[in-house]
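Colleague: Show me how the following folds:
(chains A and B)
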Amino acid sequence: DVKVTQSSRYLVKRTGEKVFLECVQDMDHENMFWYRQDPGLGLRLIYFSYDVKMKEKGDIPEGYSVSREKKERFSLILESASTNQTSMYLCASSLTSRKETQYFGPGTRLLVL
Amino acid sequence: LAKTTQPISMDSYEGQEVNITCSHNNIATNDYITWYQQFPSQGPRFIIQGYKTKVTNEVASLFIPADRKSSTLSLPRVSLSDTAVYYCLVGDSNYGQNFVFGPGTRLSVLP
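Modeller: Numbering: from 1, shown residues only, chains lettered A, B, ... in the order given. Just a heads-up that it's a prediction; the model follows:
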């Protein structure tokens, strides 16, 4: 069974803080993704990575950066958290082939005060 | 990008068959159609995937017409535990930017 874990289920931060969200997968997947989910908007892709040290912007990359130093770990960084980044953050991974599905972690609910 | 359109919400009763249709008019040749289910406070979970015609597994069936511009997820005899949000996703997982999740369909199963 594929397991995708996220470092925290709930996180409270203050405006301007630097925030790190960690994601780890245990199935040697090539692709990893970060989404945010807000009511009425579904899931929106922030960044994804298809290999170590490789990253591509998704639909809403502004205010975020990512790091993938090891294949199993994909970090999302909020350089200076703002209140409009309060959201549920979901990490996912998938194998490299075209039809492989994404496996999601449980999510991190971030509140920025 | 292949955007998708689904009903925002649907209601059903226990034991009924539920069909949720997703429109994806500009689906590309390489794109697969994947459906996910999401319960509150959890990440989405894969239900079924197809490319064309019909796919069936132990959970659901997926019907895809020849033009592939739409697809229908069919849940047989739903129960209360099927209450969730269902997402239709069209894309190519090889390049993540081609994946677009819409707002999904909130299915409420009533007793």
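
Colleague: Quick one, grab the pLDDT at residue 43.
Modeller: Reading this off chain A. pLDDT recorded at A:Leu43 is 87.

Colleague: meant chain B, my bad for not saying
Modeller: For B:Gly43, pLDDT reads 91.

Colleague: got a list of what it touches?
Modeller: A:4, A:90, A:92, A:104-107 (C-beta atoms under 8 Å, 6 or more residues apart in numbering or on different chains). The way it works is simple: take the backbone N, C-alpha and C, and place the C-beta from them, glycine included.

Colleague: Also A:Gln37?
Modeller: Contacts of A:Gln37 (C-beta under 8 Å, 6+ apart): A:43-44, A:87-90, A:107.

Colleague: Return only those of those found close to chain B.
Modeller: Within the set of the contacts of A:Gln37, contact with chain B (C-beta under 8 Å from any C-beta of the partner chain) is found for A:43-44, A:90, A:107.

Colleague: Same list as before, those residues that is, but in JSON lines and with distance to B:Gln42 included.
Modeller: Shown next, in JSON lines, are those (distance: C-beta to C-beta, whole Å):
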{"residue": "A:Leu43", "distance to B:Gln42": "13"}
{"residue": "A:Arg44", "distance to B:Gln42": "18"}
{"residue": "A:Leu90", "distance to B:Gln42": "10"}
{"residue": "A:Gly107", "distance to B:Gln42": "7"}
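
Colleague: Can you tell me which of those comes closest to B:Leu75?
Modeller: A:Leu43 (20.7 Å; C-beta to C-beta).

Colleague: I'd assumed A:Leu90 was in a strand, is it?
Modeller: Yes - assessed with DSSP: H, G, I helix; E, B strand; the rest coil, A:Leu90 lies in a strand.

Colleague: What residues are bridge-paired with it?
Modeller: A:Tyr35 (DSSP bridges).

Colleague: And B:Phe101, by the same measure?
Modeller: B:Phe101 has these beta-bridge partners by DSSP bridges: B:Leu89.

Colleague: so it touches A:Asp38, yeah?
Modeller: No - B:Phe101 lies out of contact with A:Asp38 (C-beta atoms under 8 Å); the separation is 11.7 Å.

Colleague: of these two, who's got more company?
Modeller: More neighbours surround B:Phe101 than the other of B:Phe101 and A:Asp38, with 24 against 13 (other C-beta atoms under 10 Å in any protein chain shown).
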